[in-house]
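Peer 1: only geometry, no sequence info:
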């Protein structure tokens, strides 16, 4: 059996055991390894490929995963399958012929293997009957870019206070090629944006669709890089998503994705809030033990429920069925400043998790969360299932994952958010949280 066929056999075996078939993490890892081995003619086994050329393989894996994978976090998946558990290395060890086959791949094999993997992913996308987690639709190969249509356009206004960006794609977490060029230019013009005093930032994303699992704050901040917003949002920020066609770009082309960043000296209200009524619920003065870019959603969730215990909250939850917005007033000690964009994701993930209430929770999950939060299992059961002041979802915000837990808030209906900073006589941060329904 030739090297190319042997690698295919290994990929098929791993795909049969993967939840998402060829869109799973290990089949895509084999795809990435094969392309690196072919293109560079390294002449080393699969094990040596992972040991000596891990950076190149990981980069190709992340690139392929973004376009074809079904994993939630490709970087975390890579760490899991190649890290301490060495799942990928063990798979190679159990298929010694395939492990050795990587040493015999060369440039003549690259196109055939790449086309074979692409066909497998696309075939599964058409024939799958799985409904629990929809398979990501296969997109054009990451190396293919249209030559007849501009991919993006960016401009900054004459006053240096508003940046607009139009693109044919949504920026992924780790962009490549034309996506990377767009992000680099967007960062450059954002860095040149004039900060007001006080400094507030309003960010808007406009596109006809927002896929489930795609967070607005990721598109606007995290996938761009939160460091570039440090000087623009010292005193707060707001963001929103509009399901609409973007306005025409100055170059006359109609794009599918549009972002706008504007600075001001007062807090802005996201456009979606103009039709929102008064808050469905408000939680005043929630002490937060620690708040930084390294904060975890579970810590915010724990602090919210400790507050609800302290005020002896009881009552029937008010349910929000449609889209919603979260309005936060963050009180900090005098003189203390934060990069609000950098804390946005753990803060909002923790808050959304606090408004979810599953009917029942498995004992093993309770034990894992208790260990993570340093609380007892009875307390964790009560917190997860309590009525709370509002209800966004009956899905559990946390799930077991590879011997531990993963927090996955049901936030696909979050359409707008705002954080305003005030300074008061406090040694630790505190929150006032408002939850609003958007018609």
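Peer 2: Great, that's in hand. What you see is a predicted model; the values in this text were computed from it and never measured.

Peer 1: list the buried residues for stretch 44-60?
Peer 2: For stretch 44-60, the neighbour count (16 or more other C-beta atoms under 10 Å) marks 44-47, 49-50, 53, 56-58, 60 as buried. Placement of C-beta: from N, CA and C, glycine included.

Peer 1: kindly apply the preceding question to stretch 361-370 instead.
Peer 2: Neighbour-count burial for stretch 361-370 flags 361, 365-366, 368-370 (criterion: 16+ other C-beta under 10 Å).

Peer 1: also stretch 208-226?
Peer 2: Judged by neighbour count (16+ other C-beta under 10 Å), stretch 208-226 contains these buried residues: 210, 215-226.

Peer 1: strands of the stretch 151-300 of the chain, start to end?
Peer 2: Assigned by DSSP state E, counting those that start in this stretch, the strands in the stretch 151-300 of the chain fall at 152-156, 162-167, 200-207, 236-243, 257-264, 281-287.

Peer 1: now the first one: average pLDDT?
Peer 2: Spelled out, it's strand 152-156. For strand 152-156, mean pLDDT is 93.

Peer 1: okay, buried residues for that strand please.
Peer 2: Using 16+ other C-beta under 10 Å as the test for burial, strand 152-156 gives 152-154, 156.

Peer 1: got JSON lines for the residues you listed, with distance to residue 193 too?
Peer 2: Formatted as JSON lines, the buried residues of strand 152-156 follow (distance: C-beta to C-beta, whole Å):
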{"residue": "152", "distance to residue 193": "18"}
{"residue": "153", "distance to residue 193": "17"}
{"residue": "154", "distance to residue 193": "12"}
{"residue": "156", "distance to residue 193": "7"}
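
Peer 1: residue nearest the centroid of the chain?
Peer 2: residue 218 (5.5 Å; C-alpha atoms, centre = their mean).

Peer 1: and that one, how far is that from residue 368?
Peer 2: Note on residue 218: its distance to residue 368, by C-beta to C-beta, to the nearest Å, is 26 Å.

Peer 1: distance from the chain centre to the worst-scoring helix or strand of the chain on mean pLDDT, please.
Peer 2: Ranked by mean pLDDT, DSSP states H and E, the weakest helix or strand in the chain is helix 107-127, scoring a mean of 72. The chain centroid and the centroid of helix 107-127 are separated by 27 Å under C-alpha atoms, centre = their mean, to the nearest Å.

Peer 1: now for that helix, which elements pack on it?
Peer 2: Identification of packing neighbours for helix 107-127 by 3 or more C-beta pairs under 8 Å, 6 or more residues apart in numbering; DSSP states H and E yields helix 3-17, helix 25-40.

Peer 1: now, of the ones you listed, which is deepest in the fold?
Peer 2: Ranked by mean neighbour count, those are led by helix 25-40 with a mean of 24 (mean count of other C-beta atoms under 10 Å).

Peer 1: quick check: angle from it to helix 107-127?
Peer 2: Relative orientation of helix 25-40 versus helix 107-127 (axes from the mean of the first three to the mean of the last three C-alpha atoms, to 10 degrees): 150 degrees.

Peer 1: tell me the contacts of the residue lying closest to residue 357 once chain neighbours are set aside?
Peer 2: Closest residue in space to residue 357, ignoring its immediate chain neighbours: residue 391 at 5.7 Å, by C-beta to C-beta, 6 or more residues apart in numbering. By C-beta atoms under 8 Å, 6 or more residues apart in numbering, residue 391 lies in contact with 317-320, 355-357.

Peer 1: how near is the residue nearest to residue 397 when sequence neighbours are not counted to residue 347?
Peer 2: Excluding its sequence neighbours, the residue lying closest to residue 397 (C-beta to C-beta, 6+ apart) is residue 353, at 3.6 Å. Distance, residue 353 to residue 347, using C-beta to C-beta: 11 Å.

Peer 1: overlap in contacts of those two?
Peer 2: In terms of C-beta under 8 Å, 6+ apart, residue 353 and residue 347 are both contacted by the residues residue 300.

Peer 1: for residue 326, helix, strand, or coil?
Peer 2: Look at residue 326: counting by DSSP: H, G, I helix; E, B strand; the rest coil, its state is strand.
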